[in-house]
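# next input, structure requested:
(chains A and B)
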Amino acid sequence: MGSRHVYVLSFLLTLLGAGLFIYKIVALGFPIVPGEKSDLWDVEVRISFVARGGPVKVSMFIPRTSSRLAVVDENFISRGFGLTTTLVNGNRQAAWAIRKASGAQALYYRSSVQALEPAEEETVAKRPESQPLPSLEGPYLAAAETLLKSAREQSADLDTMVPQLIKHLWEPHNDSNAALLTGPRPDRSRVAEAALQLLALAQVPARLLQGVRLTLPSGEAPMLSWLQVYSEGRWSAFDLGTGEAGLPGDYLIFSIGPEPLFKVKGGNKVHYTIAVRRTEAGGLEAAALRGRIVNPQLLEFSLLSLPMQTQSVYRVLLAVPVGAFLLVIMRNIVGIKTFGTFMPVLIGLAFRETQLLWGLVLFCAVVTLGLSVRFYFERLKLLLVPRLAAVLIVVVLLMAALSIVSHHLGLDRALSVALFPMVIMTMTIERMSIVWEERGPAEAIQQGLGSLVVAALAYLAMAAAYTEHLMFVFPELLLVLLAGSLLLGKYTGYRLVELRRFKALASPRP
Amino acid sequence: MIFGTVRRLREAGVLGLNERNNRYTLAYNPRYLYPLVDDKLRTKQLALKAGLSVPELYGVIEIEHQIKGIHEVLEGHREFVIKPAQGSGGDGVLVVAGRAKHMYRLVSGVIMDRSQLAHYASNILSGLFSLGGHPDRALIEYRVQFDPLFGAISFQGVPDIRIVVFQGFPVMAMVRLPTRLSDGKANLHQGAIGAGVDIATGRTLTAVWRNEVVTEHPDTGNPVTGLQIPHWDRLLGIAAQAYDLTGMGYVGVDIVLDRDKGPLLLELNARPGLNIQIANRAGLLPRLQLIERIAARPNTVEERVAFAKDHLAAP
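So this is what the prediction gives:
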């Protein structure tokens, strides 16, 4: 196969990749840089409990996309638990289950929620089946009827009556009827319960929404219930706190109905928190939504259609080719020597977790210590494979020891040493010690430094938010990288280091 | 600056690694032929079949179990070389120069006892020195007694002559002289000196040591330029014949000159290094392109050698 073949192939690949790339930017408006302005929130629910040692089942309602807020990204973190998501009476429910668990457990649900431009379309809701009358008796029934009556008198229609009702329920000190229904110190859930009973008594279909408000000051967001009342084909919402009509735009609905947000079977000391944080990232989801409308097939077969957890894996994976391409440039155009072909890329990948400075420090620490042990092993005259296994064991021991020591010193960053690929470290140590023995320490250190420099550069290239964003949103750029790699495969120019190596030949003959 | 250097190197016809790989080794050395040159035992067998002289093979150790018998194999040989069959670039070559009771004395003066020698052989078998770490075999062979010519200009080890052969034509040559730095080994990257050799006459030209041009041996202080290599025509003949032996289009042929037995084919290298250009102070490209342009290609070894001597003389 001649060079022309490669050139044509590379040209076609570039054309395809760049074409798709430009189409997605121009026609679908995909953001080319991460973090363009967009309303996006991260919502995290954490459920912690102590498992009793038997099977554990936890179910939780998870947010749904409404006409104003779209859930664009979700993931579940639950070590060892099986996870299913189901629709229960129109609510989305996640169920975690495990055959056997004991001790403290924590389950996380995280999602990104994006504000949509409010859609004007009103769907006509079907009238719900009539609810059974509440089981109010004696003084309670009388109090409820009196409350309803006065609320009705002070209002013109349902939309004005419900706020009156809620107002009355919040004032037990003024109204003994309300006091009977909500107790002396009403709170949101008691008011909600009483309002539902009153409306059922009045034969008005009503239901509770459970959710959180996103624009409250950051930090923990309380679960707030909202009242919805059915009249003439639509559900109107009322704030159970103030009686105000309407649903705020930032209200994220977790579930509709009276059931509690979550249930835990097989555990106690249950505790939950809901955290809401506004993020800057985005633009992407908006474009993806737009893309689904403009060109559904394209988005149907894109990474954005994958489950959220898989997506986050691909965010990392798709950056790896960028590192590999950089490696090709460093080796074939610059001419830097490294230990092992892809070792710097893998080390660079590990730097993602440790951050660059710590990554370099930890890498040097493990390799230096490992190398000294390896030199000792050299004197023991061991067979190759057992020796490799021994070095691997030492590497794992060193990593554990580094973690423990750094933890006690309060250097929590250093804990991430555990994420170094230990087989790669072992092979690096082995190769380095052989080069050291055969070609001398200078050569070994030179190659080691070369590997580190390339690893650091690969890390910088791969971990840049920009790269990750570009490669994930525009995976077609891989075709361009492929074309570039094919072209470099035909590169016949000098390597930069060769300019120095052949310096004597570049000067005219003496 | 950079572009100026690139331009001058282009003008000098210097072959770079990328270009060597792309235009020459990938294009002229079919993958299936590599085992013939990567395995020194197979190269040796091929050479013997073609009637070329090679260092005599004393024994081959193929499995760990045979290591126990290594001392019987060595019985009667005071001097010998142990090397991996698939080593690259002279790695893993152990030269034993004599005995001290039951111990082995290396050329460097280091004494190795029997168990150390056995462990060394075991390392070779487990692939420590082989390309890609594959399990390997250990060859035990005749230790070359180098020609007295080189006595003054090498340190301990055996100097060898590297000739780059392109499509059967010897295109460039150098003699590699071991130094103290190279620990008696004749490989440039290990610190040996490379002295360019005029293809036409067999006289040494300039020399390079660790990418620097030198005229004297760093250990002995004797001049390394202007020496006449003996048996030059026979050396060129062996090199040219190596092409017919393997079919490798672009190959480095390593030959040693033995005091008693004359030129011996040591090994072939499918990816010969580029430092030979520095040793010769000349680029390979013009020579390779000259060969590529030959319309009527001479077939016999003698014709090819004659062509090379006519056309590739040093200026």
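
# what about the residue in the stretch 51-200 of chain B that chain A sits nearest to, how many neighbours?
Taking C-beta to the nearest C-beta as the measure, the stretch 51-200 of chain B has B:S126 as its residue closest to chain A, at 3.5 Å. Bear in mind the C-beta positions are built from the backbone N, C-alpha and C, glycine included. By the criterion of other C-beta atoms under 10 Å in any protein chain shown, B:S126 has 21 neighbours.

# number of nearby residues for A:L158?
Other residues within reach of A:L158, judged by other C-beta under 10 Å, total 16.

# nearest residue to A:S48 other than its sequence neighbours?
With C-beta to C-beta, 6 or more residues apart in numbering or on different chains as the measure, A:A106 is the residue that lies nearest to A:S48, at 4.5 Å, once sequence neighbours are left out.

# confirm that neighbour sits in a strand?
Yes: using DSSP: H, G, I helix; E, B strand; the rest coil, the secondary structure at A:A106 is a strand.

# what's the spacing between it and A:W41?
Distance from A:A106 to A:W41, counting by C-beta to C-beta, to the nearest Å: 21 Å.

# the more surrounded of those two?
Neighbours of A:A106 and A:W41, each counted by other C-beta under 10 Å, are more numerous for A:W41; the result is 22 against 12.

# was I right to think A:E437 contacts A:L371?
No: in this structure, A:E437 is not within contact of A:L371 by C-beta atoms under 8 Å, at 11.2 Å.

# in stretch B:63-78, what's buried?
Buried residues in stretch B:63-78, counting neighbours by 16 or more other C-beta atoms under 10 Å in any protein chain shown, are found at B:66-67, B:70, B:74, B:77.

# can you tell me which of the residues you listed is nearest A:P248?
Taking C-beta to C-beta as the measure, A:P248 lies nearest B:I67 of the buried residues of stretch B:63-78, at 82.0 Å.

# the closest one belongs to a strand?
No: read with three-state DSSP, B:I67 is helix and lies in no strand.

# neighbours of A:I62, how many?
A:I62 is surrounded by 21 other residues when neighbours are defined as other C-beta under 10 Å.

# touching, the residue nearest to A:S48 and A:R46? I think so.
Yes: under the contact definition of C-beta under 8 Å, A:A106 touches A:R46, with a separation of 6.1 Å.

# up against chain B, what does the stretch 201-350 of chain A have?
A:332, A:335 (C-beta under 8 Å from any C-beta of the partner chain).

# show the residue spans covered by the helices in the stretch 201-350 of chain A.
Secondary structure of the stretch 201-350 of chain A (DSSP state H, counting those that start in this stretch): helices at A:284-294, A:296-300, A:308-317, A:320-328, A:343-354.

# go on, chain B?
Counting by DSSP state H, the segments of chain B that form helices are B:2-12, B:17-19, B:26-28, B:34-38, B:40-49, B:70-73, B:114-125, B:232-246, B:275-280, B:285-293, B:301-311.

# just to revisit the earlier point, close to chain A as well: tell me which of the buried residues of stretch B:63-78 qualify.
Restricting the buried residues of stretch B:63-78 to those touching chain A (C-beta under 8 Å from any C-beta) yields no residues.

# list the residues that contact A:N332.
When contacts are counted by C-beta atoms under 8 Å, 6 or more residues apart in numbering or on different chains, A:N332 is found next to A:488, A:491, A:495, B:18.

# least confident of the helices of chain B, on average?
Here the helices of chain B differ in mean pLDDT, and the lowest is helix B:70-73 at a mean of 80.

# show me the shaky parts of chain A.
Residues of chain A meeting the criterion pLDDT under 70: A:1, A:34-39, A:117-126, A:129-134, A:216-220, A:277-301, A:304-312, A:412-419, A:508-510.

# tell me the domain boundaries of the chain?
All of this refers to chain A. A:39-128+A:207-279, A:130-204, A:313-474 (automatic domain parsing).

# my bad, chain B
Following automatic domain parsing, one finds the domains of chain B at B:2-52+B:146-311, B:57-141.

# so which of those is the most surrounded?
Mean neighbours per residue, mean count of other C-beta atoms under 10 Å in any protein chain shown, is largest over the domains of chain B for domain B:2-52+B:146-311, with a mean of 20.

# quick one: that one near chain A?
Yes: contact check for domain B:2-52+B:146-311 against chain A, using C-beta under 8 Å from any C-beta: residues in range are B:2, B:5-6, B:8-9, B:12, B:14, B:16-19, B:22-23, B:189-190, B:208, B:211-213, B:274, B:277-278, B:281-283.

# quick one, helices of the stretch 1-150 of chain A?
Using DSSP H, counting those that start in this stretch, helices in the stretch 1-150 of chain A cover A:3-26, A:138-153.

# which parts of the very next helix or strand once past the shortest one are buried?
Later in the chain than helix A:138-153, the nearest helix or strand by DSSP states H and E is helix A:158-169. Within helix A:158-169, the residues that qualify as buried are A:158, A:161-166, A:168-169, counting by 16+ other C-beta under 10 Å.

# helix A:158-169 vs helix A:138-153, what angle?
Direction vectors for helix A:158-169 and helix A:138-153, defined by axes from the mean of the first three to the mean of the last three C-alpha atoms, to 10 degrees, enclose an angle of 130 degrees.

# and the residue of the stretch 301-450 of chain A found nearest chain B, what are its phi and psi?
Among the residues of the stretch 301-450 of chain A, A:L384 lies closest to chain B, at 3.5 Å counting by C-beta to the nearest C-beta. A:L384 has phi and psi values of phi -60, psi -60 when expressed as degrees, to the nearest 10.

# distance of it from A:M343?
The span separating A:L384 from A:M343 equals 19 Å under the rule C-beta to C-beta.

# neighbour count: the two, which is higher?
Using other C-beta under 10 Å, the more surrounded residue of A:L384 and A:M343 is A:M343, with 20 against 17.

# that one touches A:M425, doesn't it?
No: counting by C-beta under 8 Å, A:M343 sits too far from A:M425 to count as a contact (9.1 Å).

# now for the contacts of A:N332: which two are most distant?
Longest span within the contacts of A:N332, C-beta to C-beta: A:L488 and A:R495, 11.6 Å.

# A:K167 and A:G243 touch, don't they?
Yes: in terms of C-beta under 8 Å, A:K167 counts as a neighbour of A:G243; the distance is 5.0 Å.

# follow-up on the earlier one: out of the helices of chain B, which gets nearest to B:V164?
Proximity of those to B:V164 was assessed by C-beta to C-beta; the nearest stretch is helix B:275-280, lying at 6.1 Å.

# so what's the residue count around the residue lying closest to A:L147 once chain neighbours are set aside?
For A:L147, the nearest residue in space outside its immediate sequence neighbours is A:N177; the separation is 4.9 Å by C-beta to C-beta, 6+ apart. The number of residues packed near A:N177 is 21, by other C-beta under 10 Å.

# doesn't A:N177 lie inside a helix?
Yes: according to three-state DSSP, the state of A:N177 is that of a helix.

# kindly state the beta-bridge partners for the residue nearest the centre of chain B.
By C-alpha atoms, centre = their mean, the mean C-alpha position of chain B lies nearest to B:D254, the distance being 3.1 Å. Partner residues in beta bridges with B:D254, using DSSP bridges, are B:R162, B:E267.

# need the contact list for it.
B:160-162, B:265-269.

# at 6 Å what do you get?
B:160, B:162, B:266-267 (C-beta atoms under 6 Å, 6 or more residues apart in numbering or on different chains).

# same deal with B:S130?
Counting by C-beta under 6 Å, 6+ apart, B:S130 touches B:84, B:86, B:136.

# go with 10 Å
With contacts defined as C-beta atoms under 10 Å, 6 or more residues apart in numbering or on different chains, the neighbours of B:S130 are B:38-39, B:84-88, B:91-92, B:124, B:136-137.

# output those residues in JSON lines; the columns should cover distance to B:T300.
Formatted as JSON lines, these follow (distance: C-beta to C-beta, whole Å):
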{"residue": "B:D38", "distance to B:T300": "28"}
{"residue": "B:D39", "distance to B:T300": "28"}
{"residue": "B:P84", "distance to B:T300": "35"}
{"residue": "B:A85", "distance to B:T300": "31"}
{"residue": "B:Q86", "distance to B:T300": "32"}
{"residue": "B:G87", "distance to B:T300": "33"}
{"residue": "B:S88", "distance to B:T300": "32"}
{"residue": "B:D91", "distance to B:T300": "36"}
{"residue": "B:G92", "distance to B:T300": "37"}
{"residue": "B:I124", "distance to B:T300": "39"}
{"residue": "B:D136", "distance to B:T300": "36"}
{"residue": "B:R137", "distance to B:T300": "35"}
